[in-house]
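Student: for reference, the sequence and a predicted model appear below.
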Amino acid sequence: MKVKYVPFQPHCFAYGGFEIQMLSTLEATIKSGVDAEKIDIWSRDNDFDILHCWGLGFHHYENIRWAKHAKKKVVLTALLSYYENFNEKLRHLFSTYIKKAQYYIKIANLADAVVVVNELQAEACLKYFKVPSHKIHVIPNIVDAKYFDNKKDNSFSDKYTISDYVLVVGSVCARKNQLALINACLMANIKLVIIGRLLEGEEAYGEQIDRVIDGNLNIIWIKGLLANSDELISAYKCSAVVALPSYIEQQPITLLEAVAVQKPLLIANRAFAKQKYYLNAMCVPPNSVSAIAEGLKLIIGEPSKYIPSLLTMEECREENVGNMYHQLYKSILKK
């Protein structure tokens, strides 16, 4: 069994949680015994069984169509909207008449299997993309094994001389709403550490953040750390709260990592918060700075109340995710 991985876009243009997950999953499936590798788009070598496409986009239509012509099986790992409000549902309905959603539906249905990260996205896949239930598979994101190590590590606090802080990790952009979190921490007089690079095209948002935090010693913006690095893991361990008041997410890895480290969570009261992995998290409206500030104060006053169960993280371990994909590959080859 040979599998080739195809990314959503060149990683030089965008590289975030989804891309990290693709590479982590590739490594996990190899460890599980799968002969898997990144596709070489310039190679004419046709000796493989499964094309694994990451992301639901127009460009994958030709990839999948040609793969099917070549008698290859196709797996599509997709991040879908939760369609949690009327406007999202209406936009999807309109797009079915102007071909965009029709193409997405066609692409999803060409695949032999569609992988989503949770049951809520499985429902959206069935309802909005018309993918038969037998083709839909729920496999969560991977949390690196190092996050489960409960040994104390104060190296981050020692290096940056900061402790008892709120931590937010991920690409810095308006969607992730770091600016509201900054203002909430200023309102509540709570320290904040931001770890993440500014997303391309979000320069104006980055300038706003720079202006607000300029000269404030209680707010640190570290513009990127390597995924799963010792310094990043220590940043989690030294934090008091991990927050993500994001407007749109699917299954943010930063929250999974925080649960593995057993930190209390503050997240937006959006559909992504309803996943079993984040049960007990404090949920607040992302457009209310005062609500975010009050939520942070409540968590700091009683942190254990807002820590999700570590048991839910077991299926997110590398070995388990690798085995789930391995079994999926085997099952579609039998059909």
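Tutor: Perfect, I can see it now. Numbering: from 1, shown residues only.
Student: contacts and neighbour counts: CA atoms only from here.
Tutor: Fine.
Student: helices of the stretch 151-300 of the chain, start to end?
Tutor: 155-160, 178-188, 203-213, 230-238, 253-260, 289-301 (DSSP state H, counting those that start in this stretch).
Student: want to throw the ones you listed into TSV with mean neighbour count?
Tutor: Formatted as TSV, these follow (neighbours: other Cα atoms under 10 Å):
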stretch	mean neighbour count
helix 155-160	14
helix 178-188	21
helix 203-213	14
helix 230-238	21
helix 253-260	24
helix 289-301	19
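Student: so which of those helices is nearest residue 313?
Tutor: Closest approach to residue 313 among the helices of the stretch 151-300 of the chain is made by helix 253-260 (6.5 Å; Cα to Cα).
Student: returning to that earlier point: can you redo the helices of the stretch 151-300 of the chain as TSV with distance to residue 327?
Tutor: TSV is the format used below for the helices of the stretch 151-300 of the chain (distance: least, Cα to Cα, whole Å):
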stretch	distance to residue 327
helix 155-160	39
helix 178-188	39
helix 203-213	43
helix 230-238	31
helix 253-260	23
helix 289-301	40
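Student: now render those as TSV, adding distance to residue 308 and mean pLDDT.
Tutor: Converted to TSV, these look like this (distance: least, Cα to Cα, whole Å; pLDDT from 0 to 100):
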stretch	distance to residue 308	mean pLDDT
helix 155-160	24	97
helix 178-188	21	98
helix 203-213	30	96
helix 230-238	15	97
helix 253-260	6	96
helix 289-301	13	98
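Student: so which of those comes closest to residue 57?
Tutor: Closest of these to residue 57 is helix 253-260, at 21.6 Å (criterion: Cα to Cα).
Student: okay, the angle between that closest one and helix 230-238?
Tutor: Taking axes from the mean of the first three to the mean of the last three Cα atoms, to 10 degrees, one finds that helix 253-260 is oriented at 60 degrees with respect to helix 230-238.
Student: what packs against helix 253-260?
Tutor: Here helix 253-260 touches strand 241-244, going by 3 or more Cα pairs under 8 Å, 6 or more residues apart in numbering; DSSP states H and E.
Student: if you set the cut-off to 10 Å instead, what comes out?
Tutor: If contacts are counted by 3 or more Cα pairs under 10 Å, 6 or more residues apart in numbering; DSSP states H and E, helix 253-260 sits against helix 17-31, strand 165-169, helix 230-238, strand 241-244, strand 265-268.
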